[in-house]
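> Quick one, structure for this:
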Amino acid sequence: MRIRRSVTRFFGASIIPAIFTAVIAYFGYYAVFGARGYHALGAVNAQLAVENQKLALLKADHMHLQHRIDLLEPGHVDPDMVEQVARDQMTNNAPGQVAVPRERH
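Numbers count the residues shown, from 1 in each chain. Predicted coordinates for the structure are as follows:
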């Protein structure tokens, strides 16, 4: 009787720590090996570097286009930019076409 009570008390007292141990092991496993865990961190960092390079290219393209827009603003229009836009519209930007400027009268 006494042994049975001590065994029951032992297992009764170890249920809560066993549950907590299982929960910690579950979350620990997925923190390391899960889809967003430590081992996936390298792939995410590599993808982030690629996306940062794309962002830098897009920012440079945006700055280039913004500069062209600034050259066409009223008040300080760049004559070369106006000529380039006119030439592009006259040739419809078709590949292989050449615009030959005529002498101005």
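
> What residues does the residue most central in space within the chain make contact with?
Central residue of the chain (Cα atoms, centre = their mean): residue 51, 4.3 Å from the mean position. Not one residue lies near residue 51 by Cβ atoms under 8 Å, 6 or more residues apart in numbering. Yep, even glycine has a C-beta here, placed from its N, CA and C like the rest.

> okay, now the domains of the chain?
Domains of the chain are assigned by automatic domain parsing as 1-39, 41-93.

> Let me know the secondary structure of the residue nearest to the centre of the chain.
helix (DSSP: H, G, I helix; E, B strand; the rest coil).

> before we move on, back to that, compare the domains of the chain and give me the one nearest residue 102.
domain 41-93 (11.3 Å; Cβ to Cβ).

> which stretches of the protein form helices?
Here the chain has its helices, by DSSP state H, at 2-33, 41-71, 79-91.

> Helix 41-71 and the shortest one, what's the angle between them?
Going by axes from the mean of the first three to the mean of the last three Cα atoms, to 10 degrees, helix 79-91 is angled at 100 degrees with respect to helix 41-71.

> per-residue confidence averaged over helix 79-91?
Averaged across helix 79-91, the pLDDT comes to 76.

> Output it as PDB - backbone C-alpha positions only.
In PDB, the C-alpha atoms belonging to helix 79-91 read as follows (Å, rounded to 0.1, in the frame of the first residue of the first chain):
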ATOM      1  CA  PRO A  79      16.000  71.700 -75.300                       C
ATOM      2  CA  ASP A  80      17.900  68.500 -75.900                       C
ATOM      3  CA  MET A  81      15.300  66.500 -73.900                       C
ATOM      4  CA  VAL A  82      12.500  68.100 -75.800                       C
ATOM      5  CA  GLU A  83      14.300  67.100 -79.100                       C
ATOM      6  CA  GLN A  84      14.800  63.600 -77.900                       C
ATOM      7  CA  VAL A  85      11.100  63.200 -76.800                       C
ATOM      8  CA  ALA A  86      10.000  64.600 -80.200                       C
ATOM      9  CA  ARG A  87      12.300  62.300 -82.100                       C
ATOM     10  CA  ASP A  88      11.000  59.300 -80.100                       C
ATOM     11  CA  GLN A  89       7.400  60.200 -80.800                       C
ATOM     12  CA  MET A  90       8.100  60.900 -84.500                       C
ATOM     13  CA  THR A  91       9.700  57.500 -85.000                       C
END
